[in-house]
Structure formats: C-alpha cells, structure tokens
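*Asks:* A predicted structure for the sequence below; I have some questions about it.
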Amino acid sequence: MKTSVTKKNKQKKVWLLLALLIGPLVFYLMILTGQNKFRYLPSLQQNVLDISSLEPNQKVGFKDKISIVSFLGSDLLQHKTNALNLNEKIYKRFNGFKKFQFVVILPNGTEEKANQLKKELAFNTNINHWHFVFTSKENIKLLFNSFHTPFSLDENAYVPQAFIIDKKITLRGRNKDKDYKDGFLYGYNAETVSPIHQKMVDDVKILLAEYRLALKKNKKKEVFKNPFKIKKNEE
C-alpha cells in the first residue's frame, strides 16, 4: 500500500512540475498569438495619389512617410478643433517617430488663416512635422477621391475625417469595426475627441509597431547576410 501511495505522490509531483513549466509557456504563446492578430493595420485602398504629383514644386509628399491627412477647407478656422484634437491626442504622443507627419490639405488663398492655426498649434508644441499644403479645389477633389471612401468633401473642400496614409501611399484603417455595418473604418472623425482617443490612437500604435517589427527583421537579415560587417555607428 505504501508503495502505491508513494508512486501516486511522485506522479502528482511530476504533473505539478510539468504544469509549472509548461503553463507559463502556453500562456506566453497565447499572448503571442493574440498579438499577431493585431500586428497589421488593414490596407483599405492602394494607389492613393501623392500630393507631390499634383503640385510639382511641393516638397511635402506621402511616399516613405506615415501621414495623418486632413482636409480642413477654406473655413479652416471654424474647424481648427479638428487639428487641435489631432495635435493633442496623436501628434504629441507619436511625434518622436522620425517618418511621422501631419499634412493639412487646404485651398489656395487660405495661407493667412493657416498661419493663425499654426500659432495655436505651436503654443506648447514643436510643430516641425505639421505641414500645410495649398492647392486648387480641383486638385483637392482629385486627391480626396483617390482615397475611395464613403465620405464627401463639402463645397469648401472640408471633410471631418482624418486619414492614415502609410509609406507606400496606401490608405489604412479597419475592416472589422463593430460600429460600421460593413465593418470598414476609412477615416476618423476629428471633430470630437472620442473617435481619435478610442480608435485612432490604437491604430497608429499598430502601424508604428508594424514598421518597427519590419525594421528589426531587416536588421536581422542584414546581419545574417553580412555577419562581419561593422556599421559606422557601431565601431
């Protein structure tokens, strides 16, 4: 009897030890699986026009940048809350990312109003990555239509939504958003803080994490290809 009891106790100890060893590993794998589901922000529209293609002398462009794009229209000071909301919730939080920029598309003739808005944005913020692009309403319409969203510009070339454009000039957003019947979230209403705080912040995080991951993978590949190569900043 004692022998059988001893064997059972040993078996219990073995199973307990296995549970202690395997349990955390399983939990870690579950976390990784969950992260993989949200690693990439869906691409909703490729081949978006680059503003630089509409304005040849324009230095600002979307290529190789992560851009938050807004269309504030000719009455932009009436919609300055949009820019202030984005500045507070998104720009200040992610401004440290080198390839991150904010682009406001405006009709020609709104330069003075834009300067007023810049002063308000710059009150307690370094706005080096805020860019204001001026062009014709026809060009603005061409650019906006290339996003292929269900939204529409008004007569002043204004739309409440702000948009995320990635480095390959692709519109990013959501394709399984519970608040929309078809699940597609093309842009984030910047007139109120809620959509920006509850959705856009998370989506920008995902996109930046995606690029960081890609950068790490590229560095690993480079090291594998050239194991004896020493970078200048590593000497």
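*Replies:* Thanks, I have it. Numbers count the residues shown, from 1 in each chain.
*Asks:* middle-most residue in this protein, spatially?
*Replies:* Centrality entry for the chain: nearest residue to the mean C-alpha point is residue 204, 2.7 Å, by CA atoms, centre = their mean.
*Asks:* from what I can see that residue touches residue 97, true?
*Replies:* No: Residue 204 is beyond contact range of residue 97, at 9.1 Å (criterion: CB atoms under 8 Å). From N, CA and C alone the C-beta is placed, and that goes for glycine too.
*Asks:* related to what we said a few turns ago, quick one, what contacts the residue nearest to the centre of the chain?
*Replies:* Going by CB atoms under 8 Å, 6 or more residues apart in numbering, residue 204 touches 66, 68, 90, 94, 164.
*Asks:* shared neighbours of residue 204 and residue 97, which are they?
*Replies:* residue 66.
*Asks:* those strands in the protein, which residues are they?
*Replies:* Taking DSSP state E to define them, one finds strands in the chain at 43-45, 66-72, 100-107, 130-135, 158-165, 171-172, 188-189.
*Asks:* which of those sits most buried?
*Replies:* Most buried of the strands of the chain, by mean neighbour count (mean count of other CB atoms under 10 Å): strand 66-72, with a mean of 25.
*Asks:* Show me what that one is packed up against.
*Replies:* In terms of contacts (3 or more CB pairs under 8 Å, 6 or more residues apart in numbering; DSSP states H and E), strand 66-72 is packed against helix 80-86, strand 100-107, strand 158-165, helix 201-225.
*Asks:* if we can go back for a sec, from the contacts of residue 204, pick the one nearest residue 117.
*Replies:* Nearest to residue 117 among the contacts of residue 204 is residue 68, at 15.1 Å by CB to CB.
*Asks:* partners of the closest one in the sheet?
*Replies:* residue 102, residue 164 (DSSP bridges).
*Asks:* where in this protein is pLDDT low?
*Replies:* Along the chain, the parts satisfying pLDDT under 70 run over 1-39, 217-235.
*Asks:* Tell me how far the closest residue to residue 88 other than its chain neighbours lies from residue 79.
*Replies:* Sequence neighbours aside, residue 193 is the residue nearest to residue 88 in space, at 7.9 Å (criterion: CB to CB, 6 or more residues apart in numbering). Taking CB to CB, to the nearest Å as the measure, residue 193 falls 14 Å from residue 79.
*Asks:* Of the two, give the one with the bigger neighbour count.
*Replies:* Neighbour tally, residue 193 and residue 79, criterion other CB atoms under 10 Å: the higher count belongs to residue 79, 20 against 15.
*Asks:* Surely that one touches residue 72?
*Replies:* Yes: applying CB under 8 Å, one finds residue 79 in contact with residue 72, separated by 5.0 Å.
*Asks:* list the residues that contact both of these two?
*Replies:* Listed as contacting both residue 79 and residue 72 by CB under 8 Å, 6+ apart are residue 158.
*Asks:* separation between residue 155 and residue 162?
*Replies:* According to CB to CB, residue 155 and residue 162 sit 20 Å apart.
*Asks:* I meant residue 63, not that one.
*Replies:* With CB to CB as the criterion, residue 63 and residue 162 are 19 Å apart.
*Asks:* Same question for residue 178.
*Replies:* Distance of residue 178 to residue 162, given as CB to CB: 20 Å.
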